[in-house]
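S.K.: sequence unknown, structure follows:
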């Protein structure tokens, strides 16, 4: 058997096993997948940021461990866990069976109106927490003020930009992607 054929068969077996895991253990599988994808994408983002800093200031460095850990937590808890539960609720409210374009559009608008504020606002909270010592009362107070300022300044425009990106993405997701693959789709 040629190496390419062996690789094709191995990939097909892995995908079949992964799909079965998504169906039998969706929360655990999506949390694991989202953790890996979130950390990997943040590592790439950090490297790009470091490259830009090195060009400006002649400095470089490794990954920010606190940032990587917070992204791991965000990936597992939110991108994997909460999004799995949220998309499950959306599926109950707007079932895919007998789906119409009208229902898909309603699902998209409902999703954006309800999920975008807490997802983006929550992410701002995690991002602003990284630059504060939240182990002390004074640090938490400063963080809450910074988080509130960030929400006031950036959340409305972020929700607008989010709609421009996620409405078309979810049109594809809700119309064509099988329900058990929708969390993976949103994480990729």
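M.R.: Yes, it's here. Owing to the predicted nature of the structure, the values given are computational and were not obtained by experimental measurement.

S.K.: Only C-alpha atoms from now on, for both contacts and neighbour counts.
M.R.: Noted.

S.K.: Check what contacts the one helix or strand residue 9 maps to and list those residues.
M.R.: Using DSSP states H and E, residue 9 maps to helix 3-24. Applying CA atoms under 8 Å, 6 or more residues apart in numbering, the contact partners of helix 3-24 are 29-30, 180-181.

S.K.: ok, residue 33 to residue 81 distance?
M.R.: 10 Å (CA to CA, to the nearest Å).

S.K.: residues contacting the residue sitting nearest the centre point of the chain?
M.R.: The centre of the chain sits closest to residue 79, judged by CA atoms, centre = their mean, with a distance of 4.0 Å. For residue 79, the contact set (CA under 8 Å, 6+ apart) comprises 31, 34-35, 38, 183, 187.

S.K.: ok, which stretches of this protein are helices?
M.R.: With DSSP state H as the criterion, the chain has helices at 3-24, 26-57, 65-74, 83-93, 101-129, 137-176, 182-187.

S.K.: Report all helices and strands that the longest one contacts.
M.R.: Going back to what we said before, that points to helix 137-176. With contacts taken as 3 or more CA pairs under 8 Å, 6 or more residues apart in numbering; DSSP states H and E, helix 137-176 sits against helix 101-129, helix 182-187.

S.K.: Point out the most buried one among the ones you listed.
M.R.: helix 182-187 (a mean of 20; mean count of other CA atoms under 10 Å).

S.K.: I appreciate the help and will end here.
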